[in-house]
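Chemist: Got a sequence here, can you build the structure:
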Amino acid sequence: MKARQVFCYLALVAVFFTACNKDKTSQKVLNITGINDSKSQLVNVKLQKSGEEVEKTFPIGCRYMLSTIFNAKNKTFGYMDCHKVYRIMDVETGAEVKQIPLDESIGLVVVDTIRNVLIGKYFIGGTDKYNGTDHVLTINLNDGSIISDNQFYVGGFWNGTYFFRDIENEYVLLKYPDNVLVFVNPSTGDVIRTLNLDTELYNGVYDRKNNRLIGATFTGGTGKYDGIVHIVTVDLNTGKTLSKVVAQGINFISGEEKDYDAETNSYVLICGYGDDYGFKKEVIFFDVATGQVNERYQLDFDLTSLKVWRSDK
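Modeler: Residues are numbered from 1 along each chain as shown. Model (predicted):
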């Protein structure tokens, strides 16, 4: 009898702490961070449970495409400016916390939060984009010094799918149009392995917990805005498609505006309506498993370089 009472008591304690943990998670405030290119601003929007939106904007200069990072550990946002300086800002205060002058502009930038290293690539050209050489650059974020600078590929052409596997120390890029993932040791430039995907994929984001790549495909339609968008997941061990569902309510994808929200298992895109320069108006959270809309938020400005994260307040 005593043993049963102890068991019941422990079970109640476990339920209590589980409920507390869930409450703590649900109390987190959703943040949407990115760049308003038309106004050259870093934008951070806090979406409160009450429905209130708290928007902060901070001026920035021009920037290099596909160069932004968000570091959740210290809530900083980085970008490569047009003068070969990598700039890192606090997203909540707008303070610039670091400037890193470089000899080359880097793109496809990621951050290694374990080793506190910035990683990016630059291109030394041949006569066209297919016969130059790609170099991977690693930078110490403590002092801004260059750790390594190595050639890693010849004749590569990359789309907007790139990410970093921190435990494995792998810088990963998707080669277009072959749909081949290239896994690079950023410290040496050595190609560790390649992986052929069995599906076309754009706007890929990495889900570490499930070791999968999540992205989108676009099929059908006679024009730019009347096709079908599918959300696909790919196994990073085999390259095989794990799932493919229709993204409900949209018929196009655009740019580099994508992220993954692990808390709701959502693939996040910016969509909307209008002409080529005015349709990025809504942030939509699509359930990866079903394609249904989990959440959506209206924006009154264009936003690129989307980063989704949660804060305590």
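Chemist: quick one: the helices in the stretch 101-250 of the chain?
Modeler: Assigned helices in the stretch 101-250 of the chain: none (criterion: DSSP state H, counting those that start in this stretch).
Chemist: Give the ranges of residues in it that sit below the confidence cut-off.
Modeler: Using pLDDT under 70 as the threshold, the predicted model of the stretch 101-250 of the chain has low-confidence ranges 126-130, 221-226.
Chemist: Now G239. Its backbone dihedrals?
Modeler: Main-chain torsions, G239, degrees, to the nearest 10: phi 80, psi 0.
Chemist: all numbers from here: first residue = 303
Modeler: With the count now opening at 303, the last piece we talked about shows up as G541.
Chemist: Next, count neighbours for it.
Modeler: A count of nearby residues for G541, using other Cβ atoms under 10 Å, gives 17. The C-beta positions use only the backbone N, C-alpha and C, and glycine is treated the same way.
Chemist: Surely G457 and I426 touch.
Modeler: No: no contact is recorded between G457 and I426 when judged using Cβ atoms under 8 Å, the distance being 11.9 Å.
Chemist: out of those two, which sits in the more crowded spot?
Modeler: More neighbours sit around G457 than around the other of G457 and I426, counting by other Cβ under 10 Å; the figures are 13 against 10.
Chemist: Overlap of the contact sets of G457 and I426?
Modeler: Counting by Cβ atoms under 8 Å, 6 or more residues apart in numbering, the common neighbours of G457 and I426 are G434.
Chemist: mind checking pLDDT for the residue lying closest to E559 once chain neighbours are set aside?
Modeler: For E559, the nearest residue in space outside its immediate sequence neighbours is I572; the separation is 4.0 Å by Cβ to Cβ, 6 or more residues apart in numbering. According to the predicted model, the pLDDT of I572 comes to 87.
Chemist: Equivalent analysis for Y579, please.
Modeler: In this model, Y579 is scored at 46, pLDDT.
Chemist: what's the residue nearest in space to the middle of the chain in contact with, if anything?
Modeler: To find the centre residue of the chain, average its C-alpha atoms and take the closest one (Cα atoms, centre = their mean): that gives D561, at 4.5 Å. Neighbour list for D561: 507, 570, 608-610 [criterion: Cβ under 8 Å, 6+ apart].
Chemist: Between all of the residues you listed, which two are separated the most?
Modeler: Looking at the contacts of D561 by Cβ to Cβ, the two members farthest from one another are V507 and K609, with 10.9 Å of separation.
Chemist: distance between stretch 545-553 and the chain's centre?
Modeler: Going by Cα atoms, centre = their mean, to the nearest Å, the spacing between the C-alpha centre of stretch 545-553 and its chain's C-alpha centre is 19 Å.
Chemist: Give the buried residues for that stretch.
Modeler: The neighbour-count criterion (16 or more other Cβ atoms under 10 Å) identifies 547, 549, 552-553 as the buried residues of stretch 545-553.
Chemist: I'd like the contacts of D561 laid out as CSV, including secondary structure and neighbour count.
Modeler: Formatted as CSV, those follow (DSSP: H, G, I helix; E, B strand; the rest coil; neighbours: other Cβ atoms under 10 Å):
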residue, secondary structure, neighbour count
V507, strand, 18
V570, strand, 23
L608, strand, 21
K609, strand, 19
V610, strand, 21
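Chemist: Now flag whichever of those residues is closest to V331.
Modeler: Using Cβ to Cβ, V610 is the member of the contacts of D561 that lies nearest V331, at 11.8 Å.
Chemist: If I follow the layout properly, that closest one ends up in contact with L332?
Modeler: Yes: between V610 and L332 a contact is recorded at 7.3 Å, counting by Cβ under 8 Å.
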